[in-house]
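S.K.: Mind folding the following:
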Amino acid sequence: MKTKYNNRAYWTSLHRQHVGQLSAVGYWGMGEGFNRAAYRLRLGAAERLPRRNAVQPQKILEAAVGVGAYEPLWRELGVQRWVGVDISPDAIAGLQARSTGTFLVADLTSDWNAASLGSGAVSPRGG
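M.R.: Next up, the predicted model:
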C-alpha cells in the first residue's frame, strides 16, 4: 500500500533526523560533506547576484529558509530585516534558538494569504 506524500511530515522528519545540518535541506542521501560543498557554490552564486546588479538589499524574505544556510550572506550584505518561511516547525524552532530575524511556519505550496502567514510569525529577538 502506498503512503500519500505529506510535505510537512517529510520536511519535519528530515529536520529531526539532521538537526541543523545542510543534509536536512539539500540532498540528505549524499551526506553532509557533499551538501557543504553544494551550498558553498550556491552561496557564491547568491552573493554575485546583488553585487553584479549593484543592489544592496535591506530586507530579505527567504522562502524555504530551512537551517538558515544563507544567514552569513545576509549579514555580510548588511540586510537589516530577515524574514524566513519554512514548512517545518522544527526548522523554525532551530532558527529561533540561534538566529535573529522573524520566522514563520507555513506551507507555501498550499493556499495561504498574508493574514495566515502573519499568525505564524515568531520574532524571538525583536527581529
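
S.K.: Only C-alpha atoms from now on, for both contacts and neighbour counts.
M.R.: Noted.

S.K.: Give me the contact list for the helix ranked longest in the chain.
M.R.: Using DSSP state H to define each element, the chain has its longest helix at helix 31-52. Applying CA atoms under 8 Å, 6 or more residues apart in numbering, the external contacts of helix 31-52 come out as 21-23, 26-28, 56-57, 69-70, 73.

S.K.: who touches residue 60 in this structure?
M.R.: By CA under 8 Å, 6+ apart, the neighbours of residue 60 are 74, 79, 81-83.

S.K.: If any of the residues you listed are buried, put those into a PyMOL selection.
M.R.: Buried residues within the contacts of residue 60, by 16 or more other CA atoms under 10 Å, are selected in PyMOL with:
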select buried, resi 74+81+82+83
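
S.K.: Just the ones of the contacts of residue 60 in strands?
M.R.: 81-83 (DSSP state E).

S.K.: Now do the SS call for the residue nearest the centre of the chain.
M.R.: Centroid check for the chain by CA atoms, centre = their mean gives residue 65 as the closest residue, at 0.9 Å. With DSSP: H, G, I helix; E, B strand; the rest coil as the basis, residue 65 sits in coil.

S.K.: hang on, it packs against residue 88?
M.R.: No. Using CA atoms under 8 Å, residue 65 makes no contact with residue 88, being 9.6 Å away.

S.K.: what do these two both touch?
M.R.: With CA under 8 Å, 6+ apart as the test, residue 65 and residue 88 reach no residue in common.

S.K.: if we can go back for a sec, now tell me which of the contacts of helix 31-52 the prediction trusts least.
M.R.: Of all those, residue 27 carries the smallest pLDDT score, 75.

S.K.: what residues are up against that one?
M.R.: Counted by CA under 8 Å, 6+ apart, residue 27 has contacts residue 35.

S.K.: run the last query once more with 10 Å
M.R.: Contacts here follow CA atoms under 10 Å, 6 or more residues apart in numbering; on that basis residue 27 touches 34-35, 38.

S.K.: What of residue 73?
M.R.: Listed by CA under 10 Å, 6+ apart, the contact partners of residue 73 are 43-44, 46-47, 79.

S.K.: Is there a quick PyMOL command that grabs whichever of those residues are buried?
M.R.: Buried residues among those (16+ other CA under 10 Å), as a PyMOL selection:
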select buried, resi 43+47
